[in-house]
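Undergrad: okay, structure incoming, though there's no sequence with it:
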């Protein structure tokens, strides 16, 4: 199997790549700064002037500043190659408010939040809300652009500062937690590492790079479920989820698509990079096997051959859903002998649909 990590080649990407050599035949780094997407009759990913080599797995990481390129690369390749993040994930996950919208849609708890596009409308809002509040801009990671206001006057001063970013504003209720939060690293359907972070004195941001300290933390079932659910909400199989715990309530405050691994590795004493590399290898094999077993063309041919002997057949295919409507292959309607004027009885339950011809007696 062949793996490529497309990133800025930071320390965490290097660690994952090094560990991946134990699970993949080839593990390459691709510098995202030397990569572009060419759109013509098809989409092609170009690296250093040449079309990107074929890989079985491509893991795209990096700063929010590269979000459009990350989405374009993933859009061009995700149909042929296993990639742990979906194309739209880079647009959603690198924008704090879009992330909150997806969390809300998927019933993941988060603090009460206001979003406003202009300084004028933001200042009007400041007279109507309760304090203290957290103020930030939609883009940015590692706590950058996040400020605390305990009164209208301090909030107005912060707005004047944030105005230089020329971005909309996010104003969020402050959750009292003694400056601690919980970071969980998600890989698929489980959390592979978690730590509690505590900000240094006089600092509210519990980011390790900002001087916070950490300690290993064992998530309970509710926390792990929320972390996995938040990751799935933005379409990320691998990411970090930051959670606040206060008064018995849990709130997700951030999803990080390209988390640093130094801090969580140090405090948990776990080889998180190896866990991620092993997960990528496992999922790559699963995807490869699924493609071999579920090659639609081969299955159709097999069913056509066998349909001469019996009318009842099973077909394993990727589900085709457009605008919430399931579309079935023509071969299915041919075997079932359904006609355009037939009435049918549909029985539906979780993971199962039965369609029967309805005969009027």
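TA: Everything's here; your move. Everything numeric here is computed off the predicted structure, so don't read it as measured data.

Undergrad: from here on, just use CA atoms for contacts and neighbour counts.
TA: OK.

Undergrad: so residue 24 touches residue 282, yeah?
TA: No - here residue 24 does not reach residue 282: they are 10.2 Å apart, not a contact under Cα atoms under 8 Å.

Undergrad: neighbour-wise, which of those two wins?
TA: For residue 24 and residue 282, the more surrounded residue by other Cα atoms under 10 Å is residue 24, and the numbers stand at 20 against 12.

Undergrad: so what's that one closest to, chain neighbours aside?
TA: Sequence neighbours aside, residue 1 is the residue nearest to residue 24 in space, at 5.2 Å (criterion: Cα to Cα, 6 or more residues apart in numbering).

Undergrad: could you pull up the residues touching that neighbour?
TA: By Cα atoms under 8 Å, 6 or more residues apart in numbering, the contact set of residue 1 is 24, 25, 26, 55, 56, 57.

Undergrad: could I get the residues you listed as a markdown table with distance to residue 128 and secondary structure?
TA: Formatted as a markdown table, the contacts of residue 1 follow (distance: Cα to Cα, whole Å; DSSP: H, G, I helix; E, B strand; the rest coil):
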| residue | distance to residue 128 | secondary structure |
| --- | --- | --- |
| 24 | 56 | coil |
| 25 | 59 | coil |
| 26 | 57 | strand |
| 55 | 54 | coil |
| 56 | 53 | coil |
| 57 | 50 | strand |
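
Undergrad: any of the residues you listed buried? List them.
TA: 24, 55, 56, 57 (16 or more other Cα atoms under 10 Å).

Undergrad: could you work out the most separated pair of those?
TA: Pairwise distances across those (Cα to Cα) peak at 10.7 Å, for the pair 24 and 55.

Undergrad: pull up the overlap in contacts between those two.
TA: In terms of Cα under 8 Å, 6+ apart, residue 24 and residue 55 are both contacted by the residues 1, 2, 3.

Undergrad: tell me the spacing between the first one and residue 285.
TA: Applying Cα to Cα, to the nearest Å, the value for residue 1 to residue 285 is 8 Å.

Undergrad: contacting residues for residue 173?
TA: Residues near residue 173 by Cα under 8 Å, 6+ apart: 111, 112, 113, 130, 131, 132, 133, 134.

Undergrad: one more time with 10 Å
TA: Taking Cα atoms under 10 Å, 6 or more residues apart in numbering, we find residue 173 in contact with 110, 111, 112, 113, 114, 129, 130, 131, 132, 133, 134, 135.

Undergrad: give the contact list for residue 106.
TA: Going by Cα under 10 Å, 6+ apart, residue 106 touches 100, 229, 230, 232, 233, 234.

Undergrad: ugh, wrong one, I meant residue 168
TA: Residues near residue 168 by Cα under 10 Å, 6+ apart: 97, 115, 116, 117, 118, 119, 122, 136, 137, 138, 139, 162.
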